[in-house]
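In: with the input below, show me the fold.
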Amino acid sequence: MSQFDPPVNDFETSPAEGKQSNPAGIVGFILSLLCLTAPIGLLVSLFALTKRPKGFAIAGVIIGLIFSALIAVAVILGIRMGPEFKRVMEGQRDYVQIKSSVAIYQQTNSGQTPPDLTALSLPADTLTDPWGTPWVYERATDGTSYALLTAGPDGLMDTADDARLEQSMQDEEVYSVLGEAIGEYYKNKKKMTP
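Out: As a prediction, the model looks like this:
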């Protein structure tokens, strides 16, 4: 080695090596950032770990794992809670149909609510709650307002999963009350399971 040669550093890379890139690592990283393609990004990033440089590949694996786990949780919850969400939507639809029919009845009957739901001539499926039990119609003593009651998922009145829908409720309140009834049902079901 001459006195003009630079010292050798084991950590130095040649100019050619410094310009290396890992296209698979970059693609995997980008796919991992796009939430719905995260599982594909994870796979591409895992493959890219076999090549150098590994920076984007490692980041792609980490982000891909996180987003893939979130997607898996969402799918599992969707499968498990999908039928219950459908029931909440059905209950809200029944509520809207009954409320509209009662409003029409009140217009033609001096503001009085019907004595019972059969006076509204609604389809049978509208008169039953999402769990197949007839809605309980509770008319105020002065006849100007009402409430709908459901026995909830367990089909039994006077239990924790009952729900009461007042005539004045907005859509989001109906969703919330029916959702809470389902939550109570599963909470009590969990307590009963050994």
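In: check which element follows the longest helix anywhere in the chain along the chain.
Out: In the chain, assigned by DSSP state H, the helix with the most residues is helix 55-108. Using DSSP states H and E, the next helix or strand after helix 55-108 towards the C-terminus is strand 136-139.
In: what about this protein, any weak spots by pLDDT?
Out: 1-19, 193-194 (pLDDT under 70).
In: and with 90 instead?
Out: Judged by pLDDT under 90, the chain has its weakly predicted residues at 1-21, 34-36, 71-85, 171-172, 175, 182-183, 185-194.
In: could you chop it up by domain?
Out: According to automatic domain parsing, the chain comprises the domains 15-71, 81-192.
In: go ahead and flag the most central residue of this structure.
Out: Centroid-nearest residue in the chain: Gly78, 6.4 Å away (criterion: Cα atoms, centre = their mean).
In: for Glu173, see how far away that one is.
Out: Noted for Gly78: a distance of 24 Å to Glu173, by Cβ to Cβ, to the nearest Å. Heads up, the C-betas are built off the backbone N, CA and C, glycines and all.
In: before we move on, what about Ala74?
Out: Counting by Cβ to Cβ, the gap from Ala74 to Glu173 is 26 Å.
In: return the most buried member of the domains of the chain.
Out: domain 15-71 (a mean of 18; mean count of other Cβ atoms under 10 Å).
In: give me the distance from that one to the chain's centre.
Out: Its chain's average C-alpha position is 29 Å from that of domain 15-71, according to Cα atoms, centre = their mean, to the nearest Å.
In: again with stretch 133-144
Out: Worked out by Cα atoms, centre = their mean, stretch 133-144 lies 32 Å from the chain centre.
In: got the contact list for that stretch?
Out: For stretch 133-144, contacts defined as Cβ atoms under 8 Å, 6 or more residues apart in numbering pick out 94, 98, 111-117, 127-129, 145-151, 155, 157.
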